[in-house]
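# Provided below are the primary sequence and the corresponding predicted coordinates.
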Amino acid sequence: DTAVSQTPKYLVTQMGNDKSIKCEQNLGHDTMYWYKQDSKKFLKIMFSYNNKELIINETVPNRFSPKSPDKAHLNLHINSLELGDSAVYFCASSPTSASSYEQYFGPGTRLTVT
Amino acid sequence: AQSVTQLDSHVSVSEGTPVLLRCNYSSSYSPSLFWYVQHPNKGLQLLLKYTSAATLVKGINGFEAEFKKSETSFHLTKPSAHMSDAAEYFCVVSVSGGYQKVTFGTGTKLQVIP
């Protein structure tokens, strides 16, 4: 009965590789997000999709490409990985994109680039 | 524009004593405000939220927060700390300007001393 799930939980890879992280929510929510949490625990929003449409695209290198095949899924593909991409990536969802709704977070994917 | 400031990066309390985690915000629009908790190696979980209803908001695990517009504050409190409260706490401001704009504070690490 997991609400927001992410795979994989851990990802170790070398510089220059391409990798994907998958996210699924079974809450029936319309809006999904990707966040990056750095080593100092600072959380920064990267992308948001509402009903499969991109609505937030913060200043993120274009090596990062989100894809939403349906409103229950939001995947993150990263090309040409760099050391600075090492972080924990969180997926989240909310019922709508309205500001009054809280977000439900997945358990995170710890990406380590060597 | 909006911002959120968590005034303390670390707070240490003894078990059974009160907890106060401070948060100040700025926003051009009427904000929604949230507190989330993150236990080690876990995702974020909603503690409570304010969305222009009652200014004193009660959340899970005995936490509450008071929205004070005149002070632009939304401090989190708990009368008596428990060991299980040791975690990272994030204050979040959210506004709607066409779509939801979410800004996280830098986090406060709460240590509970037995």
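Yes, it's here. Residues are numbered from 1 along each chain as shown, chains lettered A, B, ... in the order given.
# so which bits of chain A are right by chain B?
A:4, A:31, A:33, A:40-45, A:48, A:50, A:55-56, A:90, A:92, A:94, A:97-108 (Cβ under 8 Å from any Cβ of the partner chain). (Each C-beta comes from the backbone N, C-alpha and C, glycine too.)
# in PyMOL, select just the buried ones from the residues you listed.
Filtering those down to the buried ones (16 or more other Cβ atoms under 10 Å in any protein chain shown) takes a single PyMOL command:
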select buried, chain A and resi 4+31+33+41+43+45+48+50+56+90+92+94+97+99+100+101+102+103+104+105+106+107+108
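# for B:Tyr89, which residues are in contact?
B:Gln6, B:Leu21, B:Trp35, B:Tyr36, B:Val37, B:Gln38, B:Leu47, B:Leu76, B:Gly107, B:Thr108, B:Lys109, B:Leu110 (Cβ atoms under 8 Å, 6 or more residues apart in numbering or on different chains).
# can you pull the contacts of residue 104?
In the absence of a named chain, chain A is used. A:Tyr104 neighbours (Cβ under 8 Å, 6+ apart): A:Ala3, A:Val4, A:Gln25, A:Leu27, A:His29, A:Ala92, A:Ser93, A:Ser94, B:Leu46.
# chain B was what I was after
Contacts of B:Phe104 (Cβ under 8 Å, 6+ apart): A:Phe42, A:Leu43, A:Lys44, A:Ile45, B:Val4, B:Phe90, B:Cys91, B:Val92.
# skipping adjacent residues, who's closest to it in space?
Closest residue to B:Phe104 apart from its sequence neighbours, by Cβ to Cβ, 6 or more residues apart in numbering or on different chains: A:Leu43 at 4.3 Å.
# can you tell if the helix or strand where B:Phe74 lies touches chain A?
Per DSSP states H and E: B:Phe74 is located in strand B:73-78. No - if you take Cβ under 8 Å from any Cβ as the test, strand B:73-78 misses chain A, and the best it gets is 14.2 Å.
# tell me which strands the helix or strand that that strand is followed by pairs with, and in which orientation.
Remark: after strand B:73-78, the chain's next helix or strand is strand B:87-96, criterion DSSP H and E. Using DSSP bridges, strand B:87-96 pairs in its sheet with strand B:32-38 (antiparallel), strand B:100-104 (antiparallel), strand B:108-113 (antiparallel).
# that concludes my questions; thank you for your assistance.
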